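missing the sequence, but the structure's below:
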């Protein structure tokens, strides 16, 4: 089948590749001509503009947009909405805010253009491992696109089947679901990323506690100089907390036990933030997911105004004079 | 090789079995005669008392204690300390507080008895999957016991090897590590369980947000009736958050999508608590692990004194009268 | 001076009263005729409709809207926008979301109507203590309304002056500030309420810890049966944590030491939620304010889906069967 | 009455002074001869050693120890235990861990020496404002010392009386309570400090959100350049969140709006840590108090190992390369 792919970065390029490997025909566009040319060399048909891409595809068309969430995706979807015709489909495979999906689907429906939001997990490993996809949109569009989703998904593979699922929708165990109407796919993906933050922070805190166990603040007979890479490795094997994120941690630690190659200024995408906003709208407590987000905020800050206010109050009631930065950074060194 | 196993519950019984399967000879004791007899039928040699167990073993003896953490383990270790001789070894495979290990090792050392603490993860699945073990104690004891640890561990099996570990200690990738001196094994296991709480709570919050997305508090066009079992399943496949705990969640949800068979009064073992205490002693922030522990505390409480004080203050400054329990429980029903 | 007051509930009625006490003339409207009549008996001029209220006032008019945040306030402001003329002013004294203020101010500006948002703290005590006001809007409108703000504010009174403020804007120490353009007043009030949640929860947790110090889970020689009302009282006197919220707590505890008259199902207004959303938009960590909000969410829930999922996982990996509700509620009783 | 005071630092010196102002006779000792001499000039009788101090006092003696918690207090109490006789009393007014009080009281009881623990709040302001005291120990000792406690406490003063307390113990409203047996005083003081951390952090987060409201990350029409010192001031007046800590914050901000004079490396005393440990022992959730403690830990750290592990995982699954420190610190500057 034919598909248009717009956006040929780390994710979009591999999506086009994996679709072609499965025998689909990819028409590709990216504002970067080199990126287009690279895919063309691998068998894709490149277009010089969105308009050309749309002209090149047979009807009913399907165009997969794989761009950074925000303005660029919004503009591209709007432009495609103008170019496409009734019964064509736009798939937004990026990390769009689900309320934007709801709005877009409503607007495009007036013209008969179908809109599908597809939360896509898998990162740089997706080309080989396949992508986990959470899809929202109208039933008929999602069904028509099924060959693409099936090709992108990991398939059952070597992952053990969950007992008791025999009669259930088999798409889930092949790696994709139709979660509901427009927005539902990105909503599930958003929560997925929220959970991801929580899991990552749980490991980060645990390894931090293991590492500070050697701190000079402790009585000598309670200090341990633990081998963190070995601990990460052994937890992968037979333990309750084995996971893919732990596999990645173990690999990073095996290579660089102190992780000196990483800055520790941890970015956050919108999805972690939106997850908390959703929790709050729904009055659902989410301490762990919130704390995980805030840990990232803190990782990017110096000693902030709030901290100085604490120092000021302590001076106010107790005359406490806090250590100067110089002393404190030596404490950091000993961490 | 010969080994004594004391405590034949869910964990201890399977440890004896897995050792026997590997060709070791198990001498077993449990205060419950039926439990002893059951193991004897499977090939173990049963003893009627600790004293008899000790007499039956060749020197240097090794006795694995696998009892609930606390008083019963403490008493058993002390009694064994009296019965055993220099160069014999006690292995505590339970969930003992690591400071108790340090104390015991010091006391037993006076008599020459060796003490090894072995944090053991694997639960009811360990007999088949093998156990992940984190070991503390003197080098010579840990080396002498290596055949037991190797037999209990999962071995490399089908789990992919971590790139870049070729020259490192191979025990970690076979599923056990010698973490350090007495206490180090249980310390690492303690943090392991602390991380476990954090991971579990991250999933719990995420699935809770997915479920309350159908709440009547939301505007109708933002509600989704999501299929939670399918979401758990799809996340196992190609997603960043796949893990063994997610496998278990997916299995539970496939069987009982509303989880009505579970009370939601979540117990906590000592290890989650000790992890927080360790973090605090070491001045290491651990918001996620703490919140995960507190979520369990809250799961076991009714509407507490603290909540009532909030209501009282709100009445005090704003004349707010909170809803009565009856109304609120109907809200719960609609949750 | 003349002022219109719309909304004569607990807050609006007292605002009209306090303004009249200061010699201002109040024209009042409420959809409830009885509420209008009550104020008329105290000297206000009642109007039967918004239109009549507007007709009755001299130009340039000032109308203070004091209604529950949300639809009713929105409709009233829109209707007033139609009825009022250029150079008239609408003051929204309720708990409106500050982004709505920005939108409204922009819309009303086209017609020349001025819009002022006034976050108002003081609750049922404001009539006597005065109101703390945080004001947003154009300079000229805020200056023209100064006599009203001065009358509603507490004034310097007996509260000690802050050293070093002599040259600063004296409005702050009289109890009101012009925080910035439209929305700034409600933004500051919103954060005020966010802080309020945090303070309340800090006290709630502290008193909860004091109370559970008598729990049967503790060794007997570490249990204390503490007198909570006396502790609340003594903390008011010379301690670092004295505050008005503590005064209210002490009063509630003196009257009802177990607070049995309160349900503990703690409502939350929008402002606590919006504070967290603002923190997230600004990438500012806010663990304490978030946890305080979530504690309220939890106070209104039974044992939720998330809790049951934790139980399900524990059963999955460890065969743990959690206590049934019946057992657990007896634990609640002993709390 | 006569009293011995050991430790003449910021707290101990003022306690001796306030007692002398009330007509008591103070015998003082400090290892620093200058500190002794200073108090002697103000009317105290100085001793050159603990032994001399004990000899100088009439029986039954009372010795108030006011030293930093930890080793120095422990040694002093033990030495005094040797020097004192049956029916003499030691008062520990410092921030001792309450379990140490229980242990000491038990040990001293064998010799008949009475032990009283007195949690003392008031900081550098206590000399003028009086001290808030939370007292543990045997009834007879606490009663005998009442004239000292009454003199140190603020008394009813100008603080409004709590309605409904007329029949209750009047000590609470004069500023001190007998909380229970040995340890109870320091336990209540410990929780007091735990609450203090929570309150401080609630304000710190709130002011931080106000300040980052001017951040360049926000759309221009949603940014506000707020006057933080004025906001702190206005909240003192008629608002729900007025408190003594807010008074101190307002004073600090009036003097130094950016708080540039403070490092923001926030120390923590043992009491905040012990409060969390107590909460955990008692299975009482305490998210706010824990987060407040962790915020202090974080304030003293650089970008830690845990943060780097997050970066490493993000690189692992998504190829994300985090910003380098240099870039990030410029972000800090713009904060």
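Looks like it came in fine. Keep in mind the model is a prediction, meaning the values are calculated, not measured.

domains of chain A?
With domains defined by the TED database, chain A comprises A:2-160+A:168-181, A:189-308.

relative to chain B, which of those domains is closest?
When those are compared by C-beta to the nearest C-beta, domain A:189-308 sits nearest chain B, at 2.8 Å. For glycine as for every other residue, the C-beta is placed from the backbone atoms N, C-alpha and C.

so how far is that closest one from its chain's centroid?
Computed by C-alpha atoms, centre = their mean, to the nearest Å, the chain-centroid distance of domain A:189-308 equals 16 Å.

also stretch A:123-137?
The answer for stretch A:123-137 is 10 Å, by C-alpha atoms, centre = their mean.

top strand in chain A by residue count?
When secondary structure is assigned using DSSP state E, the longest strand within chain A turns out to be strand A:114-121.

can you tell if that one touches chain D?
No: judged by C-beta under 8 Å from any C-beta of the partner chain, strand A:114-121 makes no contact with chain D; its nearest approach is 9.0 Å.

that strand: which residues count as buried?
A:114, A:115, A:116, A:117, A:118, A:119, A:120, A:121 (16 or more other C-beta atoms under 10 Å in any protein chain shown).

how near is the third one to residue B:239?
When C-beta to C-beta, to the nearest Å is applied, the distance between residue A:116 and residue B:239 equals 19 Å.

and chain A, which of its residues are near chain C?
So chain A meets chain C at A:240, A:268, A:273, A:276-277, A:280-281, A:283-287, A:290-291, A:293-295, A:297-298, A:300-301, A:317 (C-beta under 8 Å from any C-beta).

just the strands in the stretch 1-150 of chain A please.
A:2-6, A:25-29, A:45-46, A:62-65, A:89-92, A:114-121, A:132-136 (DSSP state E, counting those that start in this stretch).

redo these as JSON lines? Include distance to residue B:231 and mean pLDDT.
Listed next are these as JSON lines, based on distance: least, C-beta to C-beta, whole Å; pLDDT from 0 to 100:
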{"stretch": "strand A:2-6", "distance to residue B:231": "25", "mean pLDDT": "98"}
{"stretch": "strand A:25-29", "distance to residue B:231": "29", "mean pLDDT": "98"}
{"stretch": "strand A:45-46", "distance to residue B:231": "36", "mean pLDDT": "97"}
{"stretch": "strand A:62-65", "distance to residue B:231": "22", "mean pLDDT": "98"}
{"stretch": "strand A:89-92", "distance to residue B:231": "19", "mean pLDDT": "98"}
{"stretch": "strand A:114-121", "distance to residue B:231": "11", "mean pLDDT": "97"}
{"stretch": "strand A:132-136", "distance to residue B:231": "7", "mean pLDDT": "98"}
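
now these as TSV including distance to chain B?
Listed next are the strands of the stretch 1-150 of chain A as TSV, based on distance: least, C-beta to the nearest C-beta, whole Å:
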stretch	distance to chain B
strand A:2-6	19
strand A:25-29	20
strand A:45-46	27
strand A:62-65	17
strand A:89-92	17
strand A:114-121	4
strand A:132-136	4
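
what's the closest of these to residue D:85?
Taking C-beta to C-beta, strand A:114-121 is the member of the strands of the stretch 1-150 of chain A nearest to residue D:85, at 74.7 Å.

right, so the domains of chain A: which one is the most enclosed?
Of the domains of chain A, the one with the most neighbours on average (mean count of other C-beta atoms under 10 Å in any protein chain shown) is domain A:189-308, at a mean of 23.

okay, now the unreliable bits of chain A?
Scanning chain A for pLDDT under 70 picks out A:302-304, A:318, A:320, A:322-335.

scan it for its longest helix.
In chain A, taking DSSP state H as the definition, the longest helix is helix A:184-212.

picking that back up, pull the most distant pair out of the buried residues of strand A:114-121.
Greatest spacing in those, by C-beta to C-beta: A:114 and A:121 (23.0 Å).

do I have it right that residue A:308 meets residue D:262?
Yes: contact criterion C-beta atoms under 8 Å: residue A:308 and residue D:262 qualify, at 4.2 Å.

which residues touch stretch A:282-289?
Outside stretch A:282-289, the residues within contact range by C-beta atoms under 8 Å, 6 or more residues apart in numbering or on different chains are A:194-195, A:197-198, A:201-202, A:272, A:275-276, A:279, B:198, B:201-202, B:205-206, B:208-209, B:212-213, B:215, B:217-218, B:287-288, B:291-292, B:294-295, C:268, C:290-291, C:294-295, C:297-298, C:300-301, D:287.

if you set the cut-off to 7 Å instead, what comes out?
For stretch A:282-289, the external contacting residues (C-beta atoms under 7 Å, 6 or more residues apart in numbering or on different chains) are A:194, A:197-198, A:275-276, A:279, B:198, B:201-202, B:205, B:208-209, B:212-213, B:215, B:217-218, B:288, B:291-292, B:295, C:291, C:294, C:297-298, D:287.

mind listing the residues bridging to the residue lying closest to residue A:137 once chain neighbours are set aside?
In space, and not counting its chain neighbours, residue A:137 is closest to residue A:116: 3.6 Å by C-beta to C-beta, 6 or more residues apart in numbering or on different chains. Note on residue A:116: beta-bridge partners by DSSP bridges are residue A:91.

ok, so what distance separates residue A:116 from residue D:118?
Here the criterion is C-beta to C-beta. By it, residue A:116 lies 70 Å from residue D:118.

stretch A:14-34 near chain D anywhere?
No: Stretch A:14-34 stays clear of chain D (C-beta under 7 Å from any C-beta of the partner chain), getting no nearer than 11.0 Å.

now the closest residue to residue A:88 other than its chain neighbours, what are its backbone angles?
Closest residue to residue A:88 apart from its sequence neighbours, by C-beta to C-beta, 6+ apart: residue A:61 at 4.2 Å. Residue A:61 adopts backbone torsions of phi -80, psi 160, taken as degrees, to the nearest 10.

in contact with residue A:61, which residues?
A:4, A:54, A:84, A:88.

could you measure from it over to residue B:89?
Residue A:61 is 72 Å from residue B:89, by C-beta to C-beta.

same thing with residue A:260?
The spacing between residue A:260 and residue B:89, counted by C-beta to C-beta, is 39 Å.

and what of residue A:12?
Applying C-beta to C-beta to residue A:12 and residue B:89 gives a distance of 59 Å.
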